[in-house]
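Undergrad: pasting the structure only:
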């Protein structure tokens, strides 16, 4: 337990001073909701016109394209929006952002209102940076009784369009002046008539600085605000606590985790203990070691950790740049911008969960057994690793019966090549046995006229960590595109996948994703569809399926046994799939929805199955929330509530979309 913590007020006008460990953030008179930086794909503006381009990814091909988001006349837009598909197709452009979570945070909203009412006591000029839906702008305008001036600055065009709707719905369309610009693009005398007296803003993330807080505020103080302006929030203080957690250690210490593995593969060989690492940043998550399971940011200490004794004083050192804060437990102080890496020339950054998977003995043993079973009684195989699995690449190369391994590394690309070259010698491998071909699909020319005997994948695609589980069915698409170069008796691993599900009670998560009504007296109902609201949606609208680590969702209770909805057979080319099943509830409670995930069947005998379900903490699941919570109970004599659930799913191979329907009875 830490016994020495120094608290320091954050002053954005002072460049990069030294701070103590800052992990849990509180604002003066204003609690801050913990969240990731807003996750909307960054729009690319075309300049002065009201047109932006947004990157859209096809999960089955990995292809991306820029789609145009046109601005439109607000008065020409219809208030009634079409039903939202439950396939999470991003019909709502902002469905994956954290706006809904924030706006459902009543203590946060109330604290902002109280702070604004206390700060703004007379008509003045108020600047709102990162205005979002315009909630703070409307609070400021109301505090001035309709007088004064409110300037709202929001750079993201789709959110600007939502803000206009919200302002019009609340009769403030002419009260708040909106600029679809970054705040550092505003100019006094050009855009705004004078410097602002009050600054209100909500550009805070779980790391405090990740959304550009310091440069935005620095520019505002220099160019847009009067001397000694009033600000809401006024200041921020963050707090830290040392924890010991075996689970957290698995998320960043692959070198020691894989030391006990028996497969002979060393993803982090001796002398290269920094070759695979987690990015040095804070990771928002629930942490078992923290009392009451509060949401916090976890900062991983590099290396094996630090032994301490009860009563011992420990000094944390911290430095910040404009956008990040870095922490250190070493005896020497870090310099600003210093990156503590033990890999001298090259290192590959993976997510904490991927590091934990690669260090998990059970997972590695299962994958190794499946591969050995696949190559029994075969010799001189041509093996192709279709995905971004560096583990399978090295494991396959170690097999004495394989003469050639080709890895496609569709996401890692050059990074995968550099990694294999760096660890091959240190791992006792012949780098000549592994070839990386950076092509989406192979031809016989690429394989020297030889057909593929073994096609394998985890499946894992670099950069897909935040996507829905079935979007890794890209492996099936890749297998299909390689059909012409597969041998007649090709072994495919995994050979099939199962869509699995269970019904759950998730009160905290459901409440964070429910429809918005009045927020501190302002109607926000017009934003629900676009922000991906799920709970309280009027029929027949349904919310999107949300990718989420269920173990981090707060209170949870499983109400049915896990069941299979449908299967995907990789021995055949990709095609449409459909499944329907009815299951009885195994426990009574309040059902808020269903958790869905993929189980990968690695061998034809169904003896080795790798699950990505909620029991495992390394993968995100898909969460389908009900429009309204439903009371359920176990079937039996005298039962009067819902006793069973029906789940039906359809998979569209042309788009990779999974449509899920449900009914309770």
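TA: Ah, there it is. Keep in mind that what you see is a predicted model, and the values were worked out from it rather than measured.

Undergrad: low-confidence regions, the stretch 501-650 of the chain specifically.
TA: Applying pLDDT under 70 to the stretch 501-650 of the chain picks out residues 637, 639.

Undergrad: and the helices in the stretch 51-200 of the chain?
TA: Ranges of helices within the stretch 51-200 of the chain are 99-103, 106-119, 135-143, 157-169, based on DSSP state H, counting those that start in this stretch.

Undergrad: so which of these is the most packed in?
TA: helix 135-143 (a mean of 25; mean count of other CB atoms under 10 Å). (C-beta placed from N, C-alpha, C; glycine too.)

Undergrad: how far is it from where the chain is centred?
TA: Centroid displacement of helix 135-143 relative to its chain, using CA atoms, centre = their mean, to the nearest Å, is 31 Å.

Undergrad: now do stretch 221-232
TA: Offset of stretch 221-232 from its chain centre (CA atoms, centre = their mean): 34 Å.

Undergrad: what's in contact with it?
TA: By CB atoms under 8 Å, 6 or more residues apart in numbering, the residues outside stretch 221-232 that reach it are 12-13, 30, 112, 115-116, 119-120, 127, 136, 183-184, 186-188, 192, 195-201.

Undergrad: same question for stretch 176-187.
TA: With CB under 8 Å, 6+ apart, stretch 176-187 has contacts from 50, 71, 127-131, 134, 137-138, 141, 149-155, 157, 160, 163-164, 167, 191-192, 215-216, 219-220, 223-224.

Undergrad: in strands only, show me the contacts of stretch 221-232.
TA: If you go by DSSP state E, the contacts of stretch 221-232 have 30, 127, 196-201 in strands.

Undergrad: what would those look like in JSON lines with pLDDT and neighbour count?
TA: Shown next, in JSON lines, are the ones in strands among the contacts of stretch 221-232 (pLDDT from 0 to 100; neighbours: other CB atoms under 10 Å):
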{"residue": "30", "pLDDT": "50", "neighbour count": "21"}
{"residue": "127", "pLDDT": "97", "neighbour count": "28"}
{"residue": "196", "pLDDT": "97", "neighbour count": "24"}
{"residue": "197", "pLDDT": "97", "neighbour count": "19"}
{"residue": "198", "pLDDT": "97", "neighbour count": "23"}
{"residue": "199", "pLDDT": "96", "neighbour count": "23"}
{"residue": "200", "pLDDT": "95", "neighbour count": "27"}
{"residue": "201", "pLDDT": "92", "neighbour count": "21"}
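
Undergrad: would you reformat these as JSON lines and include distance to residue 504?
TA: Putting those into JSON lines (distance: CB to CB, whole Å) gives the following:
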{"residue": "30", "distance to residue 504": "33"}
{"residue": "127", "distance to residue 504": "44"}
{"residue": "196", "distance to residue 504": "47"}
{"residue": "197", "distance to residue 504": "49"}
{"residue": "198", "distance to residue 504": "44"}
{"residue": "199", "distance to residue 504": "42"}
{"residue": "200", "distance to residue 504": "38"}
{"residue": "201", "distance to residue 504": "36"}
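
Undergrad: among those, which one sits closest to residue 412?
TA: Nearest to residue 412 among the ones in strands among the contacts of stretch 221-232: residue 201, at 37.9 Å, using CB to CB.

Undergrad: what sits against the residue lying closest to that closest one once chain neighbours are set aside?
TA: Closest residue to residue 201 apart from its sequence neighbours, by CB to CB, 6 or more residues apart in numbering: residue 129 at 4.3 Å. Residues counted as contacts of residue 129 (CB under 8 Å, 6+ apart) are 153, 183, 199-201, 203, 216-217, 220.

Undergrad: returning to what we had before: dump the helices of the stretch 51-200 of the chain into a markdown table; add mean pLDDT and distance to residue 606 as well.
TA: As requested, the helices of the stretch 51-200 of the chain are arranged in a markdown table below (pLDDT from 0 to 100; distance: least, CB to CB, whole Å):
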| stretch | mean pLDDT | distance to residue 606 |
| --- | --- | --- |
| helix 99-103 | 88 | 39 |
| helix 106-119 | 95 | 48 |
| helix 135-143 | 97 | 52 |
| helix 157-169 | 94 | 45 |
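
Undergrad: out of these, nearest to residue 262?
TA: Nearest to residue 262, of the helices of the stretch 51-200 of the chain and by CB to CB, is helix 99-103 at 42.8 Å.

Undergrad: ok, residues contacting that closest one?
TA: 33, 35, 38, 108-109, 132-133, 135, 159, 202, 512-513, 516, 519, 524, 527, 531-533.

Undergrad: and that helix, how far out from the chain middle?
TA: Distance, centroid of helix 99-103 to centroid of chain: 15 Å (CA atoms, centre = their mean).

Undergrad: for the protein, which segments count as helices?
TA: 99-103, 106-119, 135-143, 157-169, 213-219, 246-250, 254-257, 352-358, 361-375, 390-398, 414-424, 474-481, 507-512 (DSSP state H).

Undergrad: what separates the fifth one from the chain centre, distance-wise?
TA: Once both centres are worked out by CA atoms, centre = their mean, helix 213-219 turns out to sit 26 Å from its chain's centre.

Undergrad: for that helix, buried residues please.
TA: Within helix 213-219, the residues that count as buried by 16 or more other CB atoms under 10 Å are 213-214, 216-219.

Undergrad: would you list these in CSV and tack on distance to residue 271?
TA: Output for these, formatted as CSV (distance: CB to CB, whole Å):
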residue, distance to residue 271
213, 40
214, 38
216, 43
217, 44
218, 43
219, 46
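
Undergrad: just give me the closest of those to residue 564.
TA: Closest to residue 564, out of all of these and judged by CB to CB, is residue 213, at 46.6 Å.

Undergrad: which non-adjacent residue is nearest the closest one?
TA: Here the residue nearest residue 213, using CB to CB, 6+ apart, is residue 203, at 5.5 Å.

Undergrad: check residue 469 too.
TA: Spatial nearest neighbour of residue 469, chain neighbours left out: residue 598 (4.4 Å); criterion: CB to CB, 6+ apart.

Undergrad: equivalent analysis for residue 403, please.
TA: residue 380 (4.9 Å).

Undergrad: swap in residue 516?
TA: Per CB to CB, 6+ apart, closest to residue 516 is residue 524, 4.0 Å.

Undergrad: which residues are in contact with that neighbour?
TA: By CB under 8 Å, 6+ apart, the contact list for residue 524 reads 103, 133, 135, 166, 516-518.

Undergrad: how far away is it from residue 378?
TA: Per CB to CB, to the nearest Å, residue 524 is found 62 Å from residue 378.

Undergrad: same check, this time on residue 460
TA: Distance, residue 460 to residue 378, using CB to CB: 25 Å.

Undergrad: could you do residue 493 as well?
TA: Taking CB to CB, one finds residue 493 at 13 Å from residue 378.

Undergrad: and if you look at residue 272?
TA: Applying CB to CB to residue 272 and residue 378 gives a distance of 32 Å.

Undergrad: do the same with residue 581
TA: Counting by CB to CB, the gap from residue 581 to residue 378 is 37 Å.

Undergrad: and if you look at residue 300?
TA: According to CB to CB, residue 300 and residue 378 sit 42 Å apart.
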